[in-house]
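Novice: predicted model, plus sequence, below.
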Amino acid sequence: MAISVETHKPQLIGSAGDSLREAFGKALTEAAEFRPDVVVLDADIAGGTGLHHFRAKYPDRFFQFGIAEQNMMAVAGGLAATGLTPFVTTFAVFCLRAIEQARLSIAYAKRNVKIVASHPGLDVGPDGASAQCLEDLAAFRAIPGMTVISPADPAEMAAAARAVMDHHGPLYMRTGRSPAKRLFDDDHVFEIGKGQIIRDGRDLTIVACGVEVARALEAADLLTSTRVSARVVNMATIKPIDRALLARCAEETGAFVTAEDHNILGGLGAAVAEALARTRPCPIEFIGVDDVFGQSGDPSVLAEAYGLGASSIAAAAERVLRRKRGDAHVH
Amino acid sequence: MTKAAPRAERQEFTSLDDIAVKLAPRARRIRQLSIASIFHAGSGHPGGALSAADMLASLYGAELNVSPASFGKTPDNARDRFILSKGHAAPALYAAGAEFGFVKPASLKDLRRYGSLLQGHPHVADTPFAETSTGSLGQGFSVAIGAALGLRHQGLSARSYAMLGDGEMQEGEVWEGAMCAAHHRLDNLCALVDYNKLQSDDFNARIMGLEPLGDKWRAFGWHVIEINGHEIKQIIAALTEAGNTKDRPSVIIAHTIKGKGVSYMENGPLWHGSVKLSEDDTRRALSDLGLDKGEIDRWIHGDIR
């Protein structure tokens, strides 16, 4: 018997479960109910970005651009110029493709456009290096006036979706592909530009964003076995970075480990180092991808292989503590 | 704040001939002011500014429902949008702005200078009537598509216009946008191609051929109107035809002459790029463009009115 197209359907691996992209799609759909100015731009990928929720509820506020991100990005600038609040949504790596449009037609033109990127970092997993965007935080951070955000869990993402909608100005936000660990309650407070101490400690501070926040908390647990007291800061806003909180942590702990699912060059670690170098320099170790491309694999396997896992963070904490104490030959 | 009147009601014109007679001197003045500002700047792109002048005079003189009041403290969201996607022709946009009251003529001598509102390429934060910031080819066209989509989405009857250079059409983004505007049936969008056949280094045909250009746009689903871009009557008729075309966007392919109006620049690729105009070059150009000697002297000394 022939297989029927009607009955024999593939198992779709779309945006599902407790991922940051799903959390964002649901939260924006809910938050935009009384904001008719909010419109969503998609490049044939709403099933993967979580914006299929928005499309289903507000089909007339959902604009399709096909697989053509450069046009979509600059169109958003034009929509904003008529008073609408556009959310440009695609994968992080395709935002890089349209970064010059984001630079000129959004940031330089001072347009109130939100660029929301799913599929950042090694968290993308099996699709491999072509889709694993490890450069976006650095690239978008270097654009004047661009706010850059990377929330850590579904509750924070939901709060961030509302904050981003209410924020005025160009903004880039990472969501995430894989199921994310729940870290916060549903009433979690999110404020753009503010880091949060989510676990206190006195020996060093681990500053993390995105999926690395959960791993930083695990690392802090691991460190208790060697009697190291690690503070964990969730630094969801990479730009503008919370300088006041960093200065306070420098004062109180005197050493840092930064952790991000991104190239070590130019991202969260760089932002923290730049801020501390100008205020209270102290030893920092950087957890991130060490200037190489990723490869296919399960995200948790990749995290271990590329040194982003909790044990790598804990090892970096031990290193930075030896530097803090002034031990020679720490490596 | 008073809103600009719709294009049909505002016109003081009696006929197409009347429009051409009244706008021709304004086009000439846009050319003169472009040359003067490029002279004072010490650099700038004269060729593509001169080829665009008749279209700019037609747009601001008889088509767009914009006035300086449209860009007041509370900008009029129901205004038409015009975007110079070929941003390197900024001197012509600023000259049109001076001619139609959006910028002060005296400011033209400060083009490209440190601290000037007249940046080397249009910047909306400094010159709001520019509508967006351009200078990277392809983007202004997409922004105009976004404006057309946004206006229609909000039930506004205003129209959106973008002027593209011919070399600009080598940018892939233009064809992404062409596909997109036709797909979304943006009949409130009109593209104007300043088809002067020359780009930075050489003729289009030798750099990256564009022909058959009209067929390309038609294949992408656009209504195509081909005209002589220096004949104001043809420009106005084409804009009217575009306005009456439903269910699809229109493109006006305007055949023009690079450097139009200045004898030694016409059709010369050398005058595309950012060039320095000497005082002699400038005097000759302004004389070709019909400015009298006394006025030329004043303008050369920075007294542009």
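Specialist: In hand now; what should we look at?
Novice: what about the residue lying closest to A:Glu135 once chain neighbours are set aside, neighbour count?
Specialist: For A:Glu135, the nearest residue in space outside its immediate sequence neighbours is A:Asn263; the separation is 5.8 Å by Cβ to Cβ, 6 or more residues apart in numbering or on different chains. No exception for glycine: its C-beta is placed from N, CA and C like everyone else's. Other residues near A:Asn263 come to 22 when the count uses other Cβ atoms under 10 Å in any protein chain shown.
Novice: ok, B:Gly155 next?
Specialist: Here the number of neighbours of B:Gly155 (other Cβ under 10 Å) works out to 7.
Novice: wait, is it part of a strand?
Specialist: No: read with DSSP: H, G, I helix; E, B strand; the rest coil, B:Gly155 is coil and lies in no strand.
Novice: phi and psi next, for it.
Specialist: Per-residue torsions, B:Gly155: phi 70, psi 20 (degrees, to the nearest 10).
Novice: just the pLDDT for it.
Specialist: As predicted, B:Gly155 sits at a pLDDT of 98.
Novice: again with A:Ala158
Specialist: The per-residue pLDDT reported for A:Ala158 equals 97.
Novice: could you do the one 4 residues further on as well?
Specialist: According to the predicted model, the pLDDT of A:Arg162 comes to 97.
Novice: next one: A:Ile3
Specialist: pLDDT, A:Ile3: 68.
Novice: swap in the one 10 residues further on?
Specialist: Residue-level confidence at A:Ile13 comes out at 60, pLDDT.
Novice: how about A:Arg248?
Specialist: On pLDDT, A:Arg248 comes in at 98.
Novice: just the element for residue 151, please.
Specialist: Using chain A here. A:Pro151 belongs to no helix or strand when assigned by DSSP states H and E.
Novice: the chain in question should be chain B.
Specialist: Counting by DSSP H and E, B:Leu151 is found in helix B:139-153.
Novice: same question for A:Ala163.
Specialist: helix A:154-166.
Novice: CA-only coordinates of the helix or strand that that helix is followed by in CSV, if you can.
Specialist: Next helix or strand after helix A:154-166 toward the C-terminus (DSSP H and E): strand A:171-174. Taking C-alpha atoms only, strand A:171-174 is exported to CSV below (Å, rounded to 0.1, in the frame of the first residue of the first chain):
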residue,chain,number,x,y,z
LEU,A,171,18.3,46.3,21.0
TYR,A,172,19.7,42.9,20.3
MET,A,173,18.6,39.9,22.4
ARG,A,174,19.6,36.3,22.4
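Novice: sheet-wise, list the partners of strand A:171-174 with their directions.
Specialist: Note on strand A:171-174: by DSSP bridges, its sheet partners are strand A:114-118 (parallel), strand A:147-149 (parallel).
Novice: pick the most buried one from these.
Specialist: Neighbour counts (mean count of other Cβ atoms under 10 Å in any protein chain shown) averaged over each of these peak at strand A:114-118, with a mean of 28.
Novice: ok so, going back, buried residues of the helix holding A:Ala163, list them for me.
Specialist: For helix A:154-166, burial by neighbour count (16 or more other Cβ atoms under 10 Å in any protein chain shown) applies to A:Pro154, A:Ala155, A:Glu156, A:Met157, A:Ala158, A:Ala159, A:Ala160, A:Ala161, A:Arg162, A:Ala163, A:Val164, A:Met165.
Novice: with stretch B:184-194 instead?
Specialist: B:His184, B:Leu186, B:Asp187, B:Asn188, B:Leu189, B:Cys190, B:Ala191, B:Leu192, B:Val193, B:Asp194.
Novice: from the residues you listed, pick the one nearest chain A.
Specialist: Chain A lies nearest to B:His184 out of those, by Cβ to the nearest Cβ, at 7.7 Å.
Novice: neighbours around the nearest residue to the closest one once chain neighbours are set aside, how many?
Specialist: Leaving out its chain neighbours, the residue that sits closest to B:His184 by Cβ to Cβ, 6+ apart is B:Leu149, at 6.3 Å. By the measure other Cβ under 10 Å, the count of residues near B:Leu149 is 26.
Novice: isn't B:Leu149 right up against A:Phe63?
Specialist: Yes: between B:Leu149 and A:Phe63 there is a contact at 6.7 Å, judged by Cβ atoms under 8 Å.
Novice: mind listing the shared neighbours of those two?
Specialist: Here B:Leu149 and A:Phe63 share the contacting residues A:Val75, A:Leu79, B:His184, scored by Cβ atoms under 8 Å, 6 or more residues apart in numbering or on different chains.
Novice: can you redo those residues as a markdown table with distance to B:Leu289, secondary structure and pLDDT?
Specialist: Output for the shared contacts of B:Leu149 and A:Phe63, formatted as a markdown table (distance: Cβ to Cβ, whole Å; DSSP: H, G, I helix; E, B strand; the rest coil; pLDDT from 0 to 100):
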| residue | distance to B:Leu289 | secondary structure | pLDDT |
| --- | --- | --- | --- |
| A:Val75 | 38 | helix | 98 |
| A:Leu79 | 39 | helix | 98 |
| B:His184 | 41 | coil | 98 |
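Novice: so which of these comes closest to A:Pro299?
Specialist: The closest of these to A:Pro299 turns out to be A:Val75 (Cβ to Cβ; 32.4 Å).
Novice: and the helices in chain A?
Specialist: A:20-31, A:46-49, A:52-57, A:69-81, A:92-97, A:99-101, A:136-141, A:154-166, A:212-223, A:243-253, A:268-279, A:299-305, A:310-325 (DSSP state H).
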